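J.: Fold the following for me, if possible:
(chains A and B)
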Protein chains: 2
Amino acid sequence: MSMPLKDHEYFIREALKEAEKAYKKDEVPIGTVIVWNNKIIARAHNLTEQLNDVTAHAEIQAITAATNYIGGKYLQECSIYVTIEPCPMCAGAIGWAQLSTLVFGAYDLKKGYSLFSENILHPKTHAVKGILADECKEIIQRFFIEKRGKNIL
Amino acid sequence: MSMPLKDHEYFIREALKEAEKAYKKDEVPIGTVIVWNNKIIARAHNLTEQLNDVTAHAEIQAITAATNYIGGKYLQECSIYVTIEPCPMCAGAIGWAQLSTLVFGAYDLKKGYSLFSENILHPKTHAVKGILADECKEIIQRFFIEKRGKNIL
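T.: The predicted model follows:
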């Protein structure tokens, strides 16, 4: 399922809207959308502080919502768009759900799954990396500088 | 936080009780308990079929329950006992929660996190491997042979 770059940018911008929602809640601003037949069927942002739960990453919530929408455990016809490279936990979930495509914005140079193993994803999942990376990185940098007084990237 | 072997066996047996519950529900039989001050504060078993959700692994549910119990996002004073080696998704969650100790029974030779990277765990998490491995493996083998007509191990 290959798509023109502008479509990837469109959906990463939608994921960025989710990241902005997280920012306003003082959550680390990471957002995601899941797309099926060119339509967004799930959207989520990081809620680890509000839910007091380290597993409440955007991707985990979106996968749960999307499988609920689809009515099946697997998302083989869906793509996931995330503003930041998923961590191993989220890449593992993307792997189990067998999403056809993972598109992410900025690399995570500390916790990104590719630092651990590319094989955490399902072998059939196609990864597209670095779409609107600067915009995706900017909101995280802004968060850590303004809210927490440090720059982690 | 080092503990005598018999304590590890006691808590793995408690995790096996959870695996038996999963077996009776036709779920892949994997169980877990989380222990704080020698007391079980969370117990869970795999519910991916019933919840139609690939993220509903025992460990993910137990971490959410334990942080709810503790009232904090981190579980640095807790140990998690799992009947089977966690997958990268669950090891990632164990990493984020910073559990002091991971104890597991049987190795997962296809999806175990150690096949991908030991570093998925938090550097402070101590891993104890292979406790009651035969018992933990037996229930999975029984499940796949009796329920699904194949042996995956």
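
J.: going forward, measure contacts between C-alpha atoms and count neighbours the same way
T.: Fine.

J.: Next, the buried residues of stretch A:143-153.
T.: A:143, A:144 (16 or more other C-alpha atoms under 10 Å in any protein chain shown).

J.: and that stretch, C-alpha only, in CSV?
T.: What follows is stretch A:143-153, C-alpha atoms only, in CSV (Å, rounded to 0.1, in the frame of the first residue of the first chain):
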residue,chain,number,x,y,z
PHE,A,143,7.5,21.1,25.6
PHE,A,144,10.7,20.1,27.3
ILE,A,145,12.2,23.6,27.2
GLU,A,146,9.1,25.5,28.3
LYS,A,147,7.5,23.0,30.7
ARG,A,148,10.4,21.2,32.1
GLY,A,149,13.3,23.6,31.5
LYS,A,150,15.5,21.2,29.5
ASN,A,151,16.0,20.1,26.0
ILE,A,152,16.1,16.4,25.5
LEU,A,153,16.7,16.2,21.8
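
J.: shaky segments in chain A?
T.: A:1-6, A:151-153 (pLDDT under 70).

J.: So which bits of it are right by chain B?
T.: Within chain A, the positions near chain B by C-alpha under 8 Å from any C-alpha of the partner chain are A:48-49, A:52-55, A:60, A:63-64, A:67-68, A:71-74, A:87-93, A:96-97, A:116-117, A:119-120.

J.: Report the buried members of those.
T.: For the residues of chain A next to chain B, buried by 16+ other C-alpha under 10 Å: A:48-49, A:52-55, A:60, A:63-64, A:67-68, A:73-74, A:87-93, A:96-97, A:116-117, A:120.

J.: And the residue of chain A closest to chain B?
T.: residue A:89 (3.7 Å; C-alpha to the nearest C-alpha).

J.: Tell me which residue is most central in chain A.
T.: residue A:82 (2.4 Å; C-alpha atoms, centre = their mean).

J.: Contacts made by the helix or strand containing that residue with the rest, please.
T.: Per DSSP states H and E, residue A:82 falls inside strand A:78-84. Strand A:78-84 is contacted from outside by A:8, A:11-12, A:15-16, A:19, A:30-37, A:59, A:99-108, A:133, A:136-137, using C-alpha atoms under 8 Å, 6 or more residues apart in numbering or on different chains.

J.: Could you measure from residue A:65 over to residue B:130?
T.: Distance from residue A:65 to residue B:130, counting by C-alpha to C-alpha, to the nearest Å: 35 Å.

J.: What of residue A:104?
T.: Distance of residue A:104 to residue B:130, given as C-alpha to C-alpha: 37 Å.
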